[in-house]
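Peer 1: 3D model of this:
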Amino acid sequence: MMSLRNLTGPVVAAPMAGGVSTPELVIAAGKAGALGFLAAGYLPAERLAEQIAAVREVGAPFGVNVFVPGPDNADPDDVLRYARRLRPDADALGTTLGDPVWTDDEYEAKLDLLAAVGVPVVTFTFGVPAAEDVAALRRAGSEVGVTVTSPREAAEAYRVGADFVVAQGIEAGGHRGGWLGGEEFGLLSLVRLIRSVADVRIVAAGGIADAAGVRAVLDAGALAAAAGTAFLRSDESGAGPAYRAALVAPEFAETRLTRAYTGRPARGLVTRFMADHDVAAPDAYPQVHYLTRPLRAAATAADDTQRMAMWAGQSHALARAVPAAEVVRALTP
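Peer 2: A predicted model of the protein is given here:
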């Protein structure tokens, strides 16, 4: 199987959950010499199986990213207060708020699927998998990686047998993938710090938008560079027209970390919704994600960019509206 060990180039198309990382994007990136990733987050296991089959049929190199479920420890009263605060926004969009439930996102079913079908690469986000799960995936022929945001998390990842880590710098768009908290690191500092404590394989992610950025992380000691936001405006991306336009609009020049949309820190374009509610948003993932899901869907349907969740890294203004293959070429040193 094609994997990180025998990639023809140093570019990874990072997984973006919620429908952005389409099979078409993964296939196009793979055909251009990159390693594309399907995003299993929020996707039913049955649908994930269909996407894996679609990509595998073409023969493109690919991986699958899985969300590790966290503890069900959100304060229900905090979530209820937040729901009351959001009702005027839901009313304005003609929708209702969702049920703020905790789920494991079909974690075990997805692990069973991946162990059965043996995809080339599996990565984990929001936590470290159990050592026995890593071993099962490796027996199935998969390389296993863990998203980390600190050297301490990298040490945990290698303790359970991970083959590599995805070092996520603070510049990255979307959810912070770590789980231990603590100091936040810029990407180059994080790569060098991880390399200073162990001779490990690192995929670097965060704010990479061109070949110069890829070259910088390779020089710092990374094996490859993962870009997500750079692919958002590509022809094969699942991002909608309003989202694509906002990425390069002067009105949305700034990004910020926020819990307002999902209850977990994530970097996105600064919107009025984010500015209005971030300070009140509880630390309650995935409950807030499910609470706001109908609101976000209605905002997207209405092209209401001041209420949409538009995840983006700090280099978002450099994203180009071109085929994914051209994005890969532009990223390749």
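
Peer 1: number of nearby residues for residue 317?
Peer 2: 15 (other C-beta atoms under 10 Å). Bear in mind the C-beta positions are built from the backbone N, C-alpha and C, glycine included.

Peer 1: Enumerate every residue touching it.
Peer 2: Applying C-beta atoms under 8 Å, 6 or more residues apart in numbering, we find residue 317 in contact with 247, 248, 253.

Peer 1: Kindly report the same for residue 98.
Peer 2: Here residue 98 is in contact with 290, 291, 292, 293, 294, 295 (C-beta under 8 Å, 6+ apart).

Peer 1: at 6 Å what do you get?
Peer 2: Residue 98 sits next to 290, 291, 293, 294 when contact means C-beta atoms under 6 Å, 6 or more residues apart in numbering.

Peer 1: ditto for residue 26
Peer 2: By C-beta under 6 Å, 6+ apart, the neighbours of residue 26 are 36, 38, 55, 62.

Peer 1: Please, where are all the helices along this structure?
Peer 2: 23-31, 45-58, 76-92, 107-117, 131-139, 151-159, 187-197, 211-219, 241-247, 272-277, 287-301, 324-331 (DSSP state H).

Peer 1: Was I right to think residue 170 contacts residue 188?
Peer 2: No: using C-beta atoms under 6 Å, residue 170 makes no contact with residue 188, being 11.0 Å away.

Peer 1: what's the pLDDT at residue 1?
Peer 2: pLDDT for residue 1: 53.

Peer 1: what's the closest non-adjacent residue to residue 202?
Peer 2: Excluding its sequence neighbours, the residue lying closest to residue 202 (C-beta to C-beta, 6 or more residues apart in numbering) is residue 222, at 4.6 Å.

Peer 1: residues contacting that neighbour?
Peer 2: Counting by C-beta under 6 Å, 6+ apart, the residues that residue 222 touches are 191, 202, 204.

Peer 1: if I look at the closest residue in space to residue 140 that isn't next to it in sequence, how far off is residue 137?
Peer 2: Spatial nearest neighbour of residue 140, excluding adjacent residues (C-beta to C-beta, 6+ apart): residue 118 at 4.0 Å. From residue 118 across to residue 137, the span is 8 Å (C-beta to C-beta, to the nearest Å).

Peer 1: higher neighbour count, the two?
Peer 2: residue 137 (25 against 15).

Peer 1: rewinding a little: give me the subset of the contacts of residue 26 lying in strands.
Peer 2: Residues of these located in strands (DSSP state E): 36, 38, 62.

Peer 1: Point out the most buried one among the helices of the chain.
Peer 2: helix 23-31 (a mean of 24; mean count of other C-beta atoms under 10 Å).

Peer 1: Just the mean pLDDT for that helix, thanks.
Peer 2: Rounded mean pLDDT across helix 23-31 is 97.

Peer 1: again, but for stretch 234-254
Peer 2: For stretch 234-254, the mean pLDDT works out to 98.

Peer 1: Can you give me the end-to-end span of it?
Peer 2: Using C-alpha to C-alpha, to the nearest Å, one end of stretch 234-254 lies 21 Å from the other.

Peer 1: Tell me if I'm right that residue 319 and residue 233 touch.
Peer 2: Yes: at 4.6 Å, residue 319 and residue 233 qualify as touching, with contact defined as C-beta under 6 Å.

Peer 1: Could you check which of the two is surrounded by more residues?
Peer 2: residue 319 (24 against 20).

Peer 1: For the spatially most central residue of the chain, which non-adjacent residue is closest in space?
Peer 2: Geometric centre of the chain, nearest residue: residue 16, 4.4 Å, by C-alpha atoms, centre = their mean. Of all residues beyond its chain neighbours, the one nearest residue 16 is residue 228 (5.2 Å), with distances taken as C-beta to C-beta, 6+ apart.

Peer 1: Alright, I will stop here.
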